[in-house]
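*Asks:* what's the 3D shape of this:
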Amino acid sequence: MEDISIFFVSYYQLITIVILSIFLGIEVISRVPSVLHTPLMSGANAIHGVVIIGAIIVMGEAASDDYLALILGFLAVILGTLNVVGGFVVTDRMLEMFSKKKKK
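*Replies:* Model prediction:
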């Protein structure tokens, strides 16, 4: 219990910033109109390519016998790739909604 209190005393400024960021994020997201929600989310998903780079770095720096780091890194690469591809698919579908229909 003492370790937890020492942690909070040492990092109270960072913890306060994280908590305020959470409340700010909730306020900002709740005020986004539904028309803009899908394009913004698809863009955010595409930005998550940083997760893929981080996971590759973790896997590259992990020791060959550290199976936990390798498995988590591999899982992060797979899930990050799915997130990025999903973001591009959603963006493509959104752009198709605004294109003119071809006549037969």
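
*Asks:* use CA for all of it now, contacts and neighbours both
*Replies:* Will do.

*Asks:* which residues touch Ser34?
*Replies:* Residues in contact with Ser34 (C-alpha atoms under 8 Å, 6 or more residues apart in numbering): none are found.

*Asks:* pull out the buried positions in the longest helix seen in the chain.
*Replies:* Looking across the chain with DSSP state H, the single longest helix is helix 67-98. Residues of helix 67-98 classed as buried: 69-70, 73-74, 76-77, 80-81, 83-85, 87-88, 90-91 (neighbour count, 16 or more other C-alpha atoms under 10 Å).

*Asks:* low-confidence stretches in this protein?
*Replies:* Along the chain, the parts satisfying pLDDT under 70 run over 37-39, 42-43, 46, 103-104.

*Asks:* how is it partitioned into domains?
*Replies:* 1-31, 33-96 (automatic domain parsing).

*Asks:* any chance of those in TSV, plus distance to Lys102?
*Replies:* Converted to TSV, the domains of the chain look like this (distance: least, C-alpha to C-alpha, whole Å):
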stretch	distance to Lys102
domain 1-31	36
domain 33-96	12
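
*Asks:* center of the protein, which residue is that?
*Replies:* His48 (4.9 Å; C-alpha atoms, centre = their mean).

*Asks:* dump the residue contacts of that residue.
*Replies:* Counted by C-alpha under 8 Å, 6+ apart, His48 has contacts 80, 83-84.

*Asks:* any idea what sits nearest Ala55, other than its immediate chain neighbours?
*Replies:* Leaving out its chain neighbours, the residue that sits closest to Ala55 by C-alpha to C-alpha, 6 or more residues apart in numbering is Gly73, at 4.8 Å.

*Asks:* got a list of contacts for the helix or strand where Ile17 lies?
*Replies:* Assessed by DSSP states H and E, Ile17 sits inside helix 12-30. Residues outside helix 12-30 that contact it (C-alpha under 8 Å, 6+ apart): Phe8.
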